[in-house]
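1. What would the 3D arrangement of this be:
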Amino acid sequence: MLSYVYFGTNNLERAIAFYSPVLGTLGMERCVTGDPEWDRVAAGWGIYENGGARELAFWVGTPLNQQPATVGNGSMVAFTARSWKEVDDFHAAALARGGVCEGPPGLRLHRLRSSLRVEAG
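-> The predicted model follows:
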């Protein structure tokens, strides 16, 4: 259903230093676009193939409108984990790099819809 998600950052280097090890706990690697201009303003993790023809990735970068990035209150992204250990490792890696805990990892039963989801953080 989705091709990618993109979140703005005011400090790309700091975002890369945070997300590379955190998303690495889920087996997500940095996307290589081969476009130096794009790679200068954005970084992605996940799948990026054939110049973006097949793209399922999580991106952070400079907002395209050149305005400062701001918090998206209510914005949420859920990453798939293959095990509870990956969920715990993801949570621990995020906290170790300055992430904030809004509740321990676990099922959010009040948020379930038609399918069961595991949500970290």
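2. When you work out contacts or count neighbours from here on, use the C-alpha atoms and nothing else.
-> Will do.
3. buried residues in the lowest-mean-pLDDT helix or strand in the chain?
-> Ranking every helix and strand in the chain by mean pLDDT, DSSP states H and E puts strand 54-61 at the bottom, with a mean of 85. Residues 55-61 are the ones in strand 54-61 that count as buried (16 or more other C-alpha atoms under 10 Å).
4. Could you pull up the residues touching the nearest residue to Leu2 once chain neighbours are set aside?
-> What sits nearest to Leu2 in space, not counting adjacent residues and going by C-alpha to C-alpha, 6 or more residues apart in numbering, is Leu56, at 7.1 Å. Leu56 makes contact with 2-4, 46-48 under the criterion C-alpha atoms under 8 Å, 6 or more residues apart in numbering.
5. pLDDT, distance to Ile16 and secondary structure for these - can I get that in a markdown table?
-> Converted to a markdown table, these look like this (pLDDT from 0 to 100; distance: C-alpha to C-alpha, whole Å; DSSP: H, G, I helix; E, B strand; the rest coil):
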| residue | pLDDT | distance to Ile16 | secondary structure |
| --- | --- | --- | --- |
| Leu2 | 71 | 22 | coil |
| Ser3 | 77 | 20 | coil |
| Tyr4 | 84 | 17 | strand |
| Gly46 | 90 | 14 | strand |
| Ile47 | 85 | 16 | strand |
| Tyr48 | 78 | 17 | strand |
